[in-house]
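**Q** structure, please.
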Amino acid sequence: MNTAKPLRFLDFNSQENPLVIIKQNLKSIQSSYLFQYLKDLDCKSLLIEDNYFDRDFLSEVSAVYCLSAKGYPNVCKRLHFFSSELTREKFALAAGSDEKSERELNEHYLGFIVIRPINGSPFGRTVLKWYADLNRDTPRITQPARVYVSSLAGVELSVNGLAWQQQDSGVAACATIGIWSMLHSSAFDARHAIPTTSIITEAAHSSALVGHQTYPSYSLTYPQIQHAIKQLGFSPSYTSGDQPGQFFSKSRFANICAAYIRSGYPLMIGGSHEDGGIGHAVCALGFREVAVTNTPVAGEVYLQDEEIEYIYVHDDNIGPNVRFKLEEETYSFEGGISTRCVMKMEKPGYLESDETPNLDNTSFYPKAVIAAVHNDLMISSDGFFRHGIILTGQLCNILNTYLRSQGFEEKALAFSSRFLMLKEYLKDELERQLFGQPELLSSVRMQLQENVAPMSLHLAILRIALPDSSIMVDVIFDTTDTDKNKSVFCHVVFDETLARIIEALPENMRLAEFGAKVAAYIK
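**A** Below is the predicted model:
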């Protein structure tokens, strides 16, 4: 029978810190990574709930561990971390609804780790704050992140991130953990419940045509992963590598990842940590925006995301928010030589050096990308990306034909793609682009509401800009149509000069694929 236990308030480096104890005893990569990550966040103290019932672990106990003769307990610990000194007295003030005390707690709150009573894989649901983003020019994009709220003695502690946990091969393979993290995405908050790991494992094995024994869980095939996503009420979007051996070119991999992550969809990346090694899956949840490094050639189409250098993943073999650098390497295959994308772990230079083990030599070769998307999102990121190249190229040719005829210098154009809910585009996206221009913002929103045919719940946005990221036009497509049809609703023109050029073109040179015009500039 469980008995009540008082909350414990400890210094982060205390030998009683459960994370320190696990690190000393288990000596796992995950324990070393988590300890160093929190150290880099300047963690000073922690609060321990010794009795905590975790929904995911209770589901695992019900599915597997209740059958074990060992008699696993169903109670976890939950550790809360802070970048300030925390005492019982300070916490008690917040528990008394002192707004200042509760606000200060949240300002220093770094997140939480659930410790499961499983010796080999103790780290359950974990959400930790991102470390500082010091590069304002090329910000870190983490749209899938959401706010997690922990309630303790009436005190609400909030942290922004995406849940990670360690693989427990008794119940959940690495792909299962990847699906679990994907379905925590901010994109699904409003309409979907988050399944537990055991529910995901059972969904993957629910068809008699695929899989092996459900428990213990070893690994999932790509068909099983897609089957699980469908069983859980979503649509799987699968993209395989475009190079010999199913590897990805860096350009294609970077563009696909950016399109989904910008849209709030995390990605499962299947591949291996070594060339030809054992298969593994990680969950991508962020990337760093890229700056233009080369002077674009006038008249050419520039792919905004092809030069992305860094991607952030949850790896159940390492930890959360792991930074990998995207590189391109030459490799040999039967019949010739080609290039492929490789992800190499690289810790930011301004953080402290890793304690042993040093993980910066970890490499990962992606071979498949799988997203779980809403069922009404019928077009694929890859197909939309290819269409974007064609359409942007057509606009670039028309624009430069006109500029040459008028004696002006030709322009290069850049494009990127994303999927957004209609309400997100109308509210947040337009607000970002038209910040400080309330009258223009109102005009654009009213035009989209009144002058454009009813739009789908989710939109596909083709954003065409100058290489310096100055937006020229957003072309908005219907996501409920197919890759083949590519139905367009409208185009939102941010550049008045471009709008005038398009209007001045002969009828046979205009692009019908742009749909109705919405003016997003001051006339």
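
**Q** how is this protein divided into domains?
**A** Listed by automatic domain parsing, the domain ranges of the chain are 8-373, 381-519.

**Q** quick check: longest helix of this protein.
**A** helix 381-405 (DSSP state H).

**Q** highest mean neighbour count out of the domains of the chain?
**A** By mean neighbour count, with neighbours taken as mean count of other Cβ atoms under 10 Å, domain 8-373 ranks first of these at a mean of 19. All C-beta spots, glycine's among them, are computed from the backbone N, C-alpha and C.

**Q** point out where the stretch 201-350 of the chain drops to low pLDDT.
**A** 207-218, 275-277, 292-295, 350 (pLDDT under 70).

**Q** for stretch 98-105, output the C-alpha coordinates as CSV.
**A** Taking C-alpha atoms only, stretch 98-105 is exported to CSV below (Å, rounded to 0.1, in the frame of the first residue of the first chain):
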residue,chain,number,x,y,z
ASP,A,98,0.8,34.4,-4.0
GLU,A,99,1.0,35.6,-7.7
LYS,A,100,4.5,37.0,-7.5
SER,A,101,5.9,33.7,-6.0
GLU,A,102,4.1,31.6,-8.6
ARG,A,103,5.3,33.9,-11.4
GLU,A,104,8.9,33.6,-10.2
LEU,A,105,8.7,29.8,-10.0
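
**Q** contact partners of the longest helix of the chain?
**A** 237, 239, 252, 255-256, 259-260, 298-301, 303, 371, 409-413, 415, 417, 419, 460, 462, 464, 473, 475, 477, 483, 486, 498, 501, 504-505, 509-511, 513 (Cβ atoms under 8 Å, 6 or more residues apart in numbering).

**Q** chain center to it, what's the gap?
**A** Offset of helix 381-405 from its chain centre (Cα atoms, centre = their mean, to the nearest Å): 28 Å.

**Q** return the helix or strand in this protein with minimum mean pLDDT.
**A** Across the helices and strands of the chain, mean confidence by mean pLDDT, DSSP states H and E is lowest for helix 496-504: a mean of 78.

**Q** I'd like to know which elements it is packed against.
**A** Helices and strands touching helix 496-504, by 3 or more Cβ pairs under 8 Å, 6 or more residues apart in numbering; DSSP states H and E, are helix 381-405.

**Q** can you show me the strands along the stretch 251-400 of the chain?
**A** 267-272, 279-288, 301-303, 310-315, 319-333, 336-345, 363-373 (DSSP state E, counting those that start in this stretch).

**Q** repeat that for the stretch 51-200 of the chain.
**A** 76-82, 109-115, 123-128, 140-141, 146-152, 155-161.

**Q** so Pro167 sits right up against Trp180, yeah?
**A** Not Pro; residue 167 is Gln. No - at 10.4 Å, Gln167 does not count as touching Trp180 under the criterion of Cβ atoms under 8 Å.

**Q** might you report the residue contacts of Val127?
**A** Gly111, Phe112, Tyr148, Val159, Gly161, Leu162, Ala163, Trp164, Pro320.

**Q** any idea how far it lies from Thr87?
**A** The gap separating Val127 from Thr87 is 24 Å, by Cβ to Cβ, to the nearest Å.

**Q** any idea how far Gly161 is from the closest residue to Phe81 other than its chain neighbours?
**A** Spatially, and ignoring its direct neighbours in sequence, Phe81 is nearest to Leu110 (4.1 Å; Cβ to Cβ, 6 or more residues apart in numbering). Going from Leu110 to Gly161 by Cβ to Cβ gives 10 Å.

**Q** find residues that contact each of the two.
**A** Leu128, Lys129.

**Q** got a list of what the residue nearest to Val313 when sequence neighbours are not counted touches?
**A** Residue nearest to Val313 in three dimensions, not counting chain neighbours: Val282, with 4.4 Å by Cβ to Cβ, 6+ apart. Contacts for Val282 (Cβ under 8 Å, 6+ apart) come out as Cys174, Gly178, Met268, Ile269, Val313, His314, Asp315, Asp316, Phe364.

**Q** which SS class is Ile522?
**A** coil (DSSP: H, G, I helix; E, B strand; the rest coil).

**Q** that one reaches Leu440, doesn't it?
**A** Yes - Ile522 is within contact range of Leu440, at 6.1 Å (criterion: Cβ under 8 Å).

**Q** report the contact partners of Ala291.
**A** Taking Cβ under 8 Å, 6+ apart, we find Ala291 in contact with Asp137, Thr138.

**Q** quick check: it vs Ser417, distance?
**A** Counting by Cβ to Cβ - Ala291 and Ser417 are separated by 19 Å.

**Q** same question, Ser186
**A** Distance from Ser186 to Ser417, by Cβ to Cβ: 19 Å.

**Q** give the rounded mean pLDDT of stretch 76-93.
**A** The pLDDT scores in stretch 76-93 average 95.

**Q** gap between that stretch and the chain center?
**A** Distance of stretch 76-93 from the chain centroid (Cα atoms, centre = their mean) equals 29 Å.
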